[in-house]
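*Asks:* What follows is a predicted structure for the sequence shown.
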Amino acid sequence: MLKIKVNSLKPGVTLGKDIFTYDSKLLLPKGTIITQEHLDNLRARNIDDVFIMEAEAKVKPGRRFEDVYSDSLGVVRSFMLEAKLGKPLDFKDISDITDLLLEQVFDAGDLFRQMRLMKEKDDYLFTHSVNVALLCILMGRWLKCAPETIKELGEAGLLHDIGKVFIEDSILNKPAKLSDNEYEDMKKHTLMGYNLLAQYEWISSNIANAALMHHERADGSGYPMGTKGYSKNLCVSVVAVADVYDAVTSTRVYSSKRSPYTAADILWQESFGKLNPRISKIFYDKITSFYIGNEVLLSNDKTGIVIYVDPSQPTRPIVMVGDIFYNLAIDRSISILEVID
């Protein structure tokens with residue numbers, strides 16, 4: 001299959017994957033011969049890309065991050081909506097898109113910059129899944145894992161929240177705090193995701209368990225089972241850290257995004273009795289160093305450049321604003337609200 005822009009299509013090609021509307025209704029089934037009427041309808045619905053049965057998509061060296069990210073979002077959106085409708089997951093789709101993402105995770109500094117640019121590109125559930133996959137791959141490389149383990153971590157990131165497709169939209173997209181009953185329903189996404197993934201022999205138990213347990217915490221405060229102690233499952237521990245970081249730094253229907261520095265502080269705090277300290281510490285130690293040279297917005301409404309990161313206090317750097325230097329490790333009244341560029 002090849003993903004093609006609708007504006008580049010001509011009548012007569014064969015559709016390679018089902019197309020769904022944004023409210024999860026089947027619009028055109030796989031195998032449809034595309035007509036001009038179909039093309040007009042797709043454009044009217046603001047559907048930009050479709051898969052066609054022309055050729056296998058080939059990865060070209062040096063593909064732009066934005067293109068790979070968009071392709072990944074399309075695949076994630078497709079397999080999640082299909083899962084919601086009871087259709088089976090496709091091994092090749094998930095394996096191929098993970099391979100695409102693996103090729104993007106080498107320059108960590110550029111990765112975080114590119115991910116910031118992509119944050120508002122699609123529905124949070126889909127972007128979150130792609131972002132967590134990228135972060136899991138990155139952490140796998142930092143931990144010097146074997147290539148097959150790194151790919152498994154990427155697949156775990158892609159699939160960790162798939163159970164949310166079975167949660168009512170009124171709960172999933174509620175722009176306010178959930179009621180106690182709604183929160184109990186939301187927590188069920190972990191078990192639903194596990195039950196779905198455990199059906200497939202080609203999905204490892206590590207990946208299924210990551211879907212089940214990425215909200216568990218070592219002090220027993222997590223869900224769905226309130227399990228105590230640090231998980232020995234690498235996928236579970238890595239996905240849990242990536243999930244927290246991306247959730248904190250993303251805009252969601254019920255909360256505004258916060259800075260990577262705030263996310264790093266949260267990870268540091270939760271490494272004491274909640275998240276696996278080995279995983280969260282390596283993330284904490286590395287993440288803030290990538291923002292040296294970036295423009296940031298401070299809580300005093302001034303913008304400046306991060307010029308130095310103290311390894312002992314990486315979330316409290318020195319920021320230069322004009323000819324004034326703010327040492328946030330000393331002046332605790334000021335914090336970084338946002339990374340601008």
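*Replies:* Everything's here; your move. Remember, it's a predicted structure, so these values are computed and weren't measured experimentally.

*Asks:* Run through the strands of the stretch 201-341 of the chain in chain order.
*Replies:* Using DSSP state E, counting those that start in this stretch, the strands of the stretch 201-341 of the chain run over residues 295-298, 303-308, 318-321, 324-327, 336-339.

*Asks:* can you redo these as JSON lines with mean neighbour count, mean pLDDT and distance to Val50?
*Replies:* Just so you know, the C-beta spots here come from the backbone N, C-alpha and C atoms, and that holds for glycine as well. Conversion of these to JSON lines gives the following (neighbours: other Cβ atoms under 10 Å; pLDDT from 0 to 100; distance: least, Cβ to Cβ, whole Å):
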{"stretch": "strand 295-298", "mean neighbour count": "18", "mean pLDDT": "94", "distance to Val50": "38"}
{"stretch": "strand 303-308", "mean neighbour count": "16", "mean pLDDT": "92", "distance to Val50": "42"}
{"stretch": "strand 318-321", "mean neighbour count": "18", "mean pLDDT": "94", "distance to Val50": "46"}
{"stretch": "strand 324-327", "mean neighbour count": "13", "mean pLDDT": "94", "distance to Val50": "50"}
{"stretch": "strand 336-339", "mean neighbour count": "20", "mean pLDDT": "91", "distance to Val50": "35"}
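
*Asks:* Of those strands, give the one that comes closest to Ile266.
*Replies:* Go through the strands of the stretch 201-341 of the chain one by one with Cβ to Cβ and the one that ends up closest to Ile266 is strand 336-339, at 13.6 Å.

*Asks:* before we move on, back to that, nearest to Ser255, of the strands of the stretch 201-341 of the chain?
*Replies:* Closest approach to Ser255 among the strands of the stretch 201-341 of the chain (Cβ to Cβ): strand 336-339, 14.3 Å.

*Asks:* now what about the closest one, what contacts it?
*Replies:* Residues from elsewhere that reach strand 336-339 (Cβ atoms under 8 Å, 6 or more residues apart in numbering): 116, 258-262, 291, 294-299, 315, 317, 319, 328.

*Asks:* So, low pLDDT: which residues of this structure?
*Replies:* Per-residue confidence for the chain (pLDDT under 70) gives these ranges: 1-3, 8, 22-24, 54-63, 106-110, 119-122, 341.

*Asks:* Using the record's assignment, carve it into domains.
*Replies:* 1-57, 59-290, 292-339 (automatic domain parsing).

*Asks:* most tightly surrounded among the ones you listed?
*Replies:* domain 59-290 (a mean of 18; mean count of other Cβ atoms under 10 Å).

*Asks:* CSV please, covering the strands of the stretch 201-341 of the chain and showing distance to Asn209.
*Replies:* Output for these, formatted as CSV (distance: least, Cβ to Cβ, whole Å):
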stretch, distance to Asn209
strand 295-298, 37
strand 303-308, 38
strand 318-321, 41
strand 324-327, 44
strand 336-339, 33
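
*Asks:* Among the ones you listed, which comes closest to Thr251?
*Replies:* Evaluated with Cβ to Cβ, those place strand 336-339 nearest to Thr251, the distance being 11.5 Å.

*Asks:* Which strands border the closest one, and is each parallel or antiparallel?
*Replies:* According to DSSP bridges, the neighbouring strands of strand 336-339, each with its direction, are strand 295-298 (antiparallel).

*Asks:* now what about the partner strand, what contacts it?
*Replies:* The set of residues that contact strand 295-298 without belonging to it, under Cβ under 8 Å, 6+ apart, is 259, 303-306, 319, 321, 326, 334-341.

*Asks:* got it, and stretch 41-54?
*Replies:* The contact list for stretch 41-54 (Cβ under 8 Å, 6+ apart) reads 1-7, 9, 13-17, 19, 21, 27, 31, 34, 70, 74, 78.

*Asks:* now stretch 307-321
*Replies:* Taking Cβ under 8 Å, 6+ apart as the criterion, the residues outside stretch 307-321 that touch it are 261-262, 264-265, 268, 284-285, 287-289, 291-293, 296, 298, 302-306, 325-329, 332, 336.
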